[in-house]
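Peer 1: what follows is a protein structure lacking sequence information:
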Ligand SMILES: CCc1ccc([C@H](C)CC(=O)N[C@@H]2O[C@H](CO)[C@@H](O)[C@H](O)[C@H]2O)cc1
């Protein structure tokens with residue numbers, strides 16, 4: 001058998017078994033009889049990693065020797081999820097691993113369950129970065145993902161007495177077998193201090209920075225394997241360390257705290273992920289974190305270029321860097337600083353390279369989400385960068401004046417500096433000016449980005465603005481999360497090629513009316529619902545009926561995502577059942593999941609309201625069996641993989657114009673859930689793809705919502721004129737769901753009837769009517785199943801492989817570089 005089979009990285013059962021037992025012994029120092037679940041998991045992880053490393057080394061060799069053009073994805077977040085199951089699928093050895101486990105009387109699923117997921121992200125943006133890394137490898141595009149190795153990721157969420165309680169996410173407590181420390185790949189990062197001008201050896205006046213504090217950034221590498229390919233890309237996350245981890249002088253003088261102060265101060269920089277998916281003003285540590293990973297990454301890219309190609313003039317031919325929102329936007333300024341100050345380039349040459357290197361993706365239109373940093377903070381923390389920002393701005397505004405003579409208002413709006421009592425640096429404007437391409441993440445969003453957020457810039461540089469609609473990886477969110485469905489699709493299509501070419505799901509359409517397929521389709525969904533019901537029972541005590549319609553809303557809590565609109569529907573159903581008017585209802589399980597930023601009061605109150613309403617409904621004998629409410633604690637990638645396969649109905653009900661894209665909507669559809677949603681973000685394109693008959697649409701369009709807001713929206717009138725709405729809101733205020741406390745939810749209900757910034761009351765009626773249609777449709781199982789099959793058959797466009805191919809062709813101008821399989 002082949003060279004590979006004989007080696008430690010054979011794919012055969014025999015090779016896997018031997019390697020597993022060897023790793024259990026040589027790495028965990030255990031033999032089977034005494035191995036703990038954690039030992040078994042670590043042995044399985046190292047056995048899988050061995051096979052990754054072999055491909056990784058080959059990829060790195062080829063990319064290095066061929067000077068392959070490489071994408072650098074700069075993201076402050078990567079919501080990777082557990083590695084083991086996904087790597088087994090991408091290596092194509094899940095079955096072999098399962099059989100070896102059985103031979104050893106072990107259960108592969110419980111070994112997989114053992115893994116602590118790396119939650120190095122908040123939500124959509126972080127998970128997208130993870131899907132993109134997997135698809136970059138699958139599409140054989142050479143790439144490096146750069147980010148921060150937070151010691152503590154997104155908090156673990158517990159629900160206590162209905163309230164969210166945040167628990168520290170100590171994900172590294174048991175070690176991390178998937179990363180390789182690279183102590184020798186280490187870069188200095190400066191903060192504070194001052195700048196000074198000096199005359200260089202050529203007599204040129206130059207600027208340099210004398211930072212006050214210097215720490216080190218050390219690389220930790222994680223291989224990212226593609227599916228059905230030998231290509232492995234690199235995820236390089238930076239950890240902050242003190243340049244001097246122990247100050248002996250201080251220790252000798254008995255100043256023990258002083259001895260470790262530098263170490264503590266340095267390490268705080270990569271200590272914890274900021275748990276907000278909307279910016280918190282002026283958190284200095286946040287800016288330090290952003291500069292930290294940007295500086296390490298730019299220095300590393302320059303090192304790699306000089307070690308492979310050589311002269312920096314061709315830097316932008318070798319590297320293209322994608323800014324994942326504005327969080328890494330400082331990279332534009334840091335590359336300028338390095339090219340100017342460290343490599344003695346002229347401004348124009350440096351700017352030519354910098355501008356051609358960067359591309360920027362915007363992920364949100366919410367004004368409060370656009371990051372700005374005070375000029376004072378910049379002066380103190382990054383004085384040299386502020387100088388460079390001023391020079392970029394001076395030259396940029398000159399260009400604007402040429403095109404828009406005398407339009408000082410435009411100058412004021414486009415400036416990188418927001419004037420006013422406190423001058424602030426606009427990171428979004430910096431990202432646009434410093435990039436050769438700017439894109440939104442769904443067609444509607446990209447249109448709104450050009451028409452509102454960056455209107456001035458789109459008028460100056462129309463060709464710079466693009467759209468790349470988001471996508472998700474079908475490997476994790478179909479094959480790993482829903483193996484039953486994957487098997488049924490493979491059997492029906494007669495091949496597994498759909499996993500790497502998702503458009504081939506269309507072949508399912510030919511079978512859509514076959515009773516056999518419909519039957520098996522229902523069986524697969526029912527089994528997933530039973531699994532979720534069992535998990536929810538042990539996690540929350542709530543018993544869900546797998547025969548009922550699983551109506552799921554799972555995403556970060558935010559008022560624009562309108563989880564409170566969903567609660568009003570639940571209360572409406574409750575009231576109708578209590579009034580004996582349940583004829584047009586179908587039994588439903590209302591399932592929620594999602595974390596709220598710890599400082600976001602209204603979002604946390606929404607979680608409490610859901611659990612309060614659930615407690616009453618789930619214990620009310622009159623409604624028993626009709627409706628149930630359950631809150632899945634700690635919604636993360638692992639738990640998401642339990643939820644997506646079990647959903648019948650996917651709630652995508654944000655106010656049109658607010659959700660940039662959404663990606664959960666794609667994951668639910670890929671698992672046969674039907675969507676009830678507004679014409680917002682990628683919902684628009686999902687509806688176009690699956691067909692309007694297979695999508696439950698309601699609500700105002702983005703234009704209509706904007707119009708209503710412009711002409712003065714008075715939510716109070718809805719409350720006054722709509723008796724049902726009034727009684728639902730009054731029921732919340734009645735204290736029925738809060739042990740008679742009529743005040744606890746007032747902030748939420750008052751906000752709704754007096755302000756309602758996301759127009760919940762305006763869409764309430766349309767939403768209820770649409771939910772009626774949903775119930776009607778669900779009663780017709782054959783029709784519902786047909787719609788479910790068509791949702792999967794027509795969802796191919798929303799693979800992250802397609803999104804990566806779009807970026808490669810239209811933005812990065814890069815071609816794949818496949819690694820030839822070992823002989
Ligand atoms: C500074 C705090 C912070 C952190 C994250 C963010 C992200 C931009 C928020 C986010 O995750 N946006 C989501 O990005 C997804 C991927 O493109 C989209 O699908 C979602 O619509 C968008 O809300 C903003 C501000």
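Peer 2: The structure has been received and is ready for your questions. What you are looking at is a predicted structure, and each value in this text was computed from that prediction instead of being measured.

Peer 1: so for stretch 74-84, what's the average pLDDT?
Peer 2: For stretch 74-84, mean pLDDT rounds to 98.

Peer 1: touching, residue 240 and residue 263? I think so.
Peer 2: No - using CB atoms under 8 Å, residue 240 is not in contact with residue 263, being 10.0 Å away. C-beta: built from backbone N, CA, C; applies to glycine.

Peer 1: more neighbours: which of these two?
Peer 2: Neighbour totals were compared for residue 240 and residue 263, and residue 240 leads with 24 against 17 (other CB atoms under 10 Å).

Peer 1: beyond the helix or strand harbouring the more buried one, next helix or strand please.
Peer 2: Per DSSP states H and E: residue 240 is located in strand 232-242. Counting by DSSP H and E, the element after strand 232-242 in chain order, helix or strand, is helix 248-252.

Peer 1: which positions in that next one come out as buried?
Peer 2: Neighbour counts over helix 248-252 (16 or more other CB atoms under 10 Å) mark residue 250 as buried.

Peer 1: need the contact partners of stretch 436-447.
Peer 2: Stretch 436-447 is contacted by residues 128, 355-363, 365, 431-432, 448-449, 454, 457, 464-470, 657, 660-662, 679-682, 684-685, 702, 811 when judged by CB atoms under 8 Å, 6 or more residues apart in numbering.

Peer 1: please disregard the earlier target; I meant stretch 31-43.
Peer 2: Outside stretch 31-43, the residues that touch it by CB under 8 Å, 6+ apart are 20-21, 23-25, 27-28, 30, 84, 104, 106, 110-112, 114-115, 174-175, 177.

Peer 1: returning to what we had before: same list, the contacts of stretch 436-447, but only the ones touching the ligand.
Peer 2: On the criterion CB under 6 Å from any ligand atom, 128, 363, 470, 660-662, 681 are the entries of those that sit beside the ligand.

Peer 1: and the strand holding residue 240, which strands flank it?
Peer 2: When pairing is defined by DSSP bridges, strand 232-242 lines up against strand 143-148 (parallel), strand 213-225 (antiparallel).

Peer 1: avg pLDDT for the longest one?
Peer 2: Spelled out, that is strand 213-225. Taken as a whole, strand 213-225 carries a mean pLDDT of 97.

Peer 1: find the closest residue to the ligand in the protein.
Peer 2: Distances between the chain and the ligand by CB to the nearest ligand atom are smallest at residue 124, namely 2.8 Å.

Peer 1: need phi/psi at the nearest residue to that residue once chain neighbours are set aside.
Peer 2: Excluding the flanking residues, the one nearest residue 124 by CB to CB, 6 or more residues apart in numbering is residue 663, at 5.6 Å. When read as degrees, to the nearest 10, the backbone of residue 663 gives phi -130, psi -20.

Peer 1: hang on, residue 663 packs against residue 126?
Peer 2: No - assessed by CB under 8 Å, residue 663 is found out of contact with residue 126, at 10.6 Å.

Peer 1: how about stretch 782-789: buried residues?
Peer 2: By neighbour count with 16+ other CB under 10 Å, stretch 782-789 contains the buried residues 784-789.

Peer 1: and the helices in the stretch 1-150 of the chain, which stretches?
Peer 2: Per DSSP state H, counting those that start in this stretch, the stretch 1-150 of the chain carries helices over the ranges 3-6, 13-26, 37-65, 84-91, 94-103, 108-113, 124-138.

Peer 1: tell me the buried residues in the last one?
Peer 2: Pointing back at helix 124-138 there. The neighbour-count check on helix 124-138 (16+ other CB under 10 Å) flags 124-138 as buried.

Peer 1: now the fifth one
Peer 2: Using 16+ other CB under 10 Å as the burial criterion, the residues of helix 94-103 that qualify are 94, 96-98, 100-101.

Peer 1: which parts of this protein sit against the ligand?
Peer 2: By CB under 6 Å from any ligand atom, the residues of the chain that approach the ligand are 122-125, 128, 276-279, 325, 363-364, 369, 441, 470, 659-663, 681.
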